[in-house]
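Q: okay, here's the prediction I keep looking at, along with the sequence it came from:
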Amino acid sequence: QVQLVESGGGLVQAGGSLRLSCAASARAFSNYAMAWFRQAPGKQREFVAVVSWNNDMTRYADFVEGRFTISRDNAKNTVYLQMNSLKPEDTAVYYCAAGAVVSTTENYHSWGQGTQVTVFS
């Protein structure tokens with residue numbers, strides 16, 4: 001298990017940007033695939049993006065449409081989600097997750113508590 005703490009959420013106008021961070025407690029952070037998911041009110045949690053342990057593979061949900069970038073800094077045990085051109089439909093609680101393999105499903109063994117992102121028009 002890995003302790004994960006998200007930060008960087010907030011209130012932003014449509015078209016704006018936010019950068020989410022997720023700090024991990026584990027020394028083995030660099031061994032894990034790291035992902036971001038989100039859950040909007042009344043909806044199921046959905047996959048947003050994932051990055052492999054060494055940054056050589058990333059995958060994104062179709063709705064990202066080139067607006068978001070996932071990256072990681074293994075020296076800082078941190079994964080990031082840069083979100084640009086935000087839309088009201090991006091409003092959700094964003095969660096980071098750690099797992100053994102790159103996956104677009106919820107196949108991750110550790111989850112953070114989430115950070116709220118609210119986009120207003």
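A: Cool, got the structure.

Q: in this structure, which spans are strands?
A: 4-7, 10-13, 18-24, 33-39, 46-51, 58-60, 68-73, 78-83, 92-99, 110-111, 115-120 (DSSP state E).

Q: can you pull out the low-pLDDT segments for the protein?
A: Of all residues in the chain, none has pLDDT under 70.

Q: could you rerun that using 90?
A: Filtered on pLDDT under 90, the chain yields the residue ranges 1, 26-28.

Q: wait, what's in contact with the residue nearest to the spatial centre of the chain?
A: Taking CA atoms, centre = their mean, the centroid of the chain lies closest to W36, which sits 2.6 Å from it. Residues near W36 by CB atoms under 8 Å, 6 or more residues apart in numbering: 20, 22, 48-50, 70, 79, 81, 94-97. Backbone N, C-alpha and C define where each C-beta goes, glycine included.

Q: how does it look with 7 Å?
A: Shown in contact with W36 (CB atoms under 7 Å, 6 or more residues apart in numbering): 48-49, 70, 81, 94-96.

Q: top of those by neighbour count?
A: Across these, neighbour numbers were computed from other CB atoms under 10 Å; C96 holds the maximum, 31 neighbours.

Q: wait, what's in contact with that one?
A: For C96, the contact set (CB under 7 Å, 6+ apart) comprises 4, 6, 22, 34-36, 79, 112.

Q: with A35 instead?
A: Contacts of A35 (CB under 7 Å, 6+ apart): 47, 49-50, 96-97, 99, 108.

Q: quick check: beta-bridge partners of it?
A: V50, A97 (DSSP bridges).

Q: next one: it from R67, what distance?
A: Separation of A35 from R67 (CB to CB, to the nearest Å): 17 Å.

Q: T58 against V51, yeah?
A: Yes - counting by CB atoms under 7 Å, T58 does reach V51; the two are 5.0 Å apart.

Q: and those two? which has more neighbours close in?
A: Comparing T58 with V51 by neighbour count (other CB under 10 Å), the higher total belongs to V51, at 23 against 15.

Q: how close does that one get to N84?
A: With distances taken as CB to CB, V51 is found 17 Å from N84.

Q: next: G8.
A: For G8, the distance to N84 equals 14 Å [CB to CB].
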